[in-house]
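J.: Here is a sequence with its predicted model. Questions after.
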Amino acid sequence: MIPRLLAKLEQGRRDFTWAELCYGLIPCATLLRWRARAQAGQPLIQSPGPKKDTPLDIQAIQQKLHELEHGRRRTAGTTALWEALQDQISRRRFQEMVAEERQQQLNALKHVHWLRPGTAWSLDTTQYGPAKTKITPLRDLASKYQLPTPLVAPREDGEEIARHLERLFRQEGPPMFLKRDGGSPLNCAPMDQVLERHWVLPLNSPPAYPRYNGSIERSMQDLKAALDARRLKGTILGSSLATDVELVTHQLNHRRLRSLAGLTPCQVYHDPARRLRLHAATRERIFREIFEEYWYYVQCMPERTRYHRAAAWRLVVETWLRRQGWITVRENQQPKVSTNFGDFSSHN
């Protein structure tokens, strides 16, 4: 197209100047640059910026970008990688490839929908207020029900959290799985002993990946927002932070949610037709099944580092849950389906 445009403009040069020919069509400097490149036998369109001495290896750069930690808006480690690759690729092209890789990873994320209340709880700790008081809420993932009386303490202590978890297990009945953060207070020996005693399997979040436990993250945001709205009244009435947290938790459990078809988390969680309750013998059988599958899977892995084994555990648990019909998994990016059909075609 550009060579044909140059040829037509060359014909018009008999009666008009370059500026007149290019007016309202294309910048005159761009046209003259194309003309000079065409006369020199060079490519008409070239990448901006200084020319790179090292040949560009797209696949190698894409592999290095794939190994970085990609967030929803930022990617960690791009500065160091760019400094190592600046002889091969322009900054603009590098930033474009980073954005493309980040978007691909976001599109590949899976959304797990828990179907049975009582299957899995989520646990994490947050801080609130000028004193940075620690609040440890528990949430049922299927019903979005926040267990009553979250733990409020001046510091995050593993033994105290374990005692709090023990009380809730005896009061509400333990779930089959517990999602928790990788922090040491939630992975201490007292916590593991409580889980073993009640036959509860842990699901630890991957390092630097809070979206794996996104439900409790959203729960803590809602809790803080509701606390902010109530604290002024609570300060006037002289109520403690622990009392306010308990009242706000009760309030959140009785909101009607669109994701629950207009029901409240309390209704869904306490519905005996939905709630999953397992006896010790059933829990022991589930333990045996999942650990056997995990053992076979690990034997086939070429690398068996701590991180690879943790990823394999999460994959085995997810596969087992899908077979039981306790979860459904949806890809964030749905495949495109044509709406045009032939005479004898139809959707199933």
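T.: That came through, no problem.
J.: From now on I want contacts and neighbour counts done on CA atoms only, so please keep to that.
T.: Noted.
J.: Give the next helix or strand downstream of the helix or strand of the chain with the lowest mean pLDDT.
T.: Sorted by mean pLDDT, DSSP states H and E, the helices and strands of the chain end with helix 18-22, the least confident at a mean of 60. Beyond helix 18-22 on the C-terminal side, the first helix or strand identified by DSSP states H and E is helix 28-40.
J.: from the chain's centre, how far out does that next one sit?
T.: Centroid separation between helix 28-40 and its chain, computed with C-alpha atoms, centre = their mean, to the nearest Å, is 48 Å.
J.: quick one: average confidence on it?
T.: Averaged across helix 28-40, pLDDT comes to 74.
J.: mind listing the helices for this structure?
T.: Along the chain, counting by DSSP state H, helices occupy 2-12, 18-22, 28-40, 58-66, 78-85, 91-107, 158-172, 189-197, 214-237, 241-252, 265-269, 280-299, 306-324.
J.: Show me the contact partners of the longest one.
T.: When you say that, I think you mean helix 214-237. Applying C-alpha atoms under 8 Å, 6 or more residues apart in numbering, the contact partners of helix 214-237 are 122-124, 126, 128, 137-139, 141, 144, 146, 210-211, 240, 244-245, 248-249, 252.
J.: and of the helices of the chain, who's closest to L203?
T.: Taking C-alpha to C-alpha as the criterion, L203 comes closest to helix 306-324 out of the helices of the chain, the separation being 6.8 Å.
J.: Please list only the buried members of the contacts of helix 214-237.
T.: Among the contacts of helix 214-237, the ones that count as buried by 16 or more other C-alpha atoms under 10 Å are 122-124, 126, 137-139, 141, 144, 146, 244-245, 248-249, 252.
J.: how about those, which pair is most distant?
T.: The largest distance within the buried ones among the contacts of helix 214-237, taken as C-alpha to C-alpha, falls between L141 and D244 and amounts to 23.1 Å.
J.: neighbours of R258, just the number please.
T.: R258 has 9 neighbours, counted by other C-alpha atoms under 10 Å.
J.: Tell me which of the helices of the chain sits nearest to K179.
T.: Set against K179 and scored by C-alpha to C-alpha, the helices of the chain come closest in helix 214-237, at 9.1 Å.
J.: Can you pull the domain assignment for this protein?
T.: With automatic domain parsing serving as the domain definition, the record reports that the chain contains domains spanning 2-40, 58-108, 112-269.
J.: Output those domains in TSV; the columns should cover distance to R283.
T.: Rendered in TSV, the data for the domains of the chain read as follows (distance: least, C-alpha to C-alpha, whole Å):
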stretch	distance to R283
domain 2-40	71
domain 58-108	32
domain 112-269	6
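J.: for these, which one ends up most surrounded?
T.: domain 112-269 (a mean of 17; mean count of other C-alpha atoms under 10 Å).
J.: for the protein, which residue is closest to the average position?
T.: Taking C-alpha atoms, centre = their mean as the criterion, R211 is the residue nearest the geometric centre of the chain, at 3.4 Å.
J.: Nearest residue to it in space, please, no chain neighbours.
T.: Using C-alpha to C-alpha, 6 or more residues apart in numbering and skipping the chain neighbours, the partner closest in space to R211 is E217 (8.0 Å).
J.: Could you do A242 as well?
T.: Spatial nearest neighbour of A242, excluding adjacent residues (C-alpha to C-alpha, 6+ apart): V152 at 6.0 Å.
J.: Can you pull out the low-pLDDT segments for the protein?
T.: Along the chain, the model assigns pLDDT under 70 to residues 1-6, 8-26, 28, 31, 42-56, 72, 106-109, 208-210, 232-238, 331-348.
J.: The same query, at a cut-off of 90, please.
T.: When the per-residue scores of the chain are filtered using pLDDT under 90, the ranges that remain are 1-113, 124-131, 148-149, 180-188, 204-244, 259, 297-311, 329-348.
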